[in-house]
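J.: Coordinates only, no sequence provided:
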């Protein structure tokens, strides 16, 4: 599984309340879900007609459309339109270290938050409050 090559990223994506990982064999993706809704996916794209996608590992995440445009403009060879998904609301980030780690971490969290915000209240994960 691809997640084994990225243990820190895997740990981050699983650290959010209610997060879980599964494997989608048809797509060959490690998917990260909250309440059965995907907010991230780890994938490897082999041969592809667009060389920016070909033979690279990616993290696909949900994104606000304006933010997606910004990141695609800032990192045109690293942040690409979402592979095998809605190209307006998903981006695929090449996992080659070109995107600063702090940016990647923030994008992961925003992807999770976007998905949680669309869940019915009854399905939203309970966030533990401060101990005391």
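T.: Received the coordinates, thanks. Not measured: the values here are computed from a predicted model.
J.: C-alpha only now, for contacts and for neighbours.
T.: Noted.
J.: Sheet partners, orientation included, of the lengthiest strand in the chain?
T.: Longest strand in the chain, counting residues (DSSP state E): strand 37-45. Applying DSSP bridges, strand 37-45 is found paired with strand 29-34 (antiparallel), strand 56-62 (antiparallel).
J.: Centre of the chain to it, how far?
T.: In terms of C-alpha atoms, centre = their mean, to the nearest Å, the centre of strand 37-45 is set 6 Å apart from its chain centre.
J.: mean confidence score for it?
T.: Per-region confidence: strand 37-45 scores 94 on mean pLDDT.
J.: contacts for that strand?
T.: When contacts are defined by C-alpha atoms under 8 Å, 6 or more residues apart in numbering, strand 37-45 is touched by residues 2-3, 13, 28-33, 53-62, 108, 111-112, 115.
J.: Pull out the buried members of those.
T.: By neighbour count, with 16 or more other C-alpha atoms under 10 Å, those hold 2-3, 13, 29-33, 53, 56-62, 108, 111-112, 115 as buried.
J.: mind listing what residue 18 touches?
T.: Residue 18 makes contact with 34, 35, 125, 126, according to C-alpha under 8 Å, 6+ apart.
J.: how close does it get to residue 120?
T.: 14 Å (C-alpha to C-alpha, to the nearest Å).
J.: Which parts of this structure are helices?
T.: 7-14, 65-74, 101-118 (DSSP state H).
J.: Rebuild these as JSON lines, extending it with mean pLDDT.
T.: Putting the helices of the chain into JSON lines (pLDDT from 0 to 100) gives the following:
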{"stretch": "helix 7-14", "mean pLDDT": "97"}
{"stretch": "helix 65-74", "mean pLDDT": "96"}
{"stretch": "helix 101-118", "mean pLDDT": "96"}
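J.: So which of the ones you listed is nearest residue 89?
T.: Each of the helices of the chain has some distance to residue 89 by C-alpha to C-alpha; the shortest is helix 65-74, at 5.2 Å.
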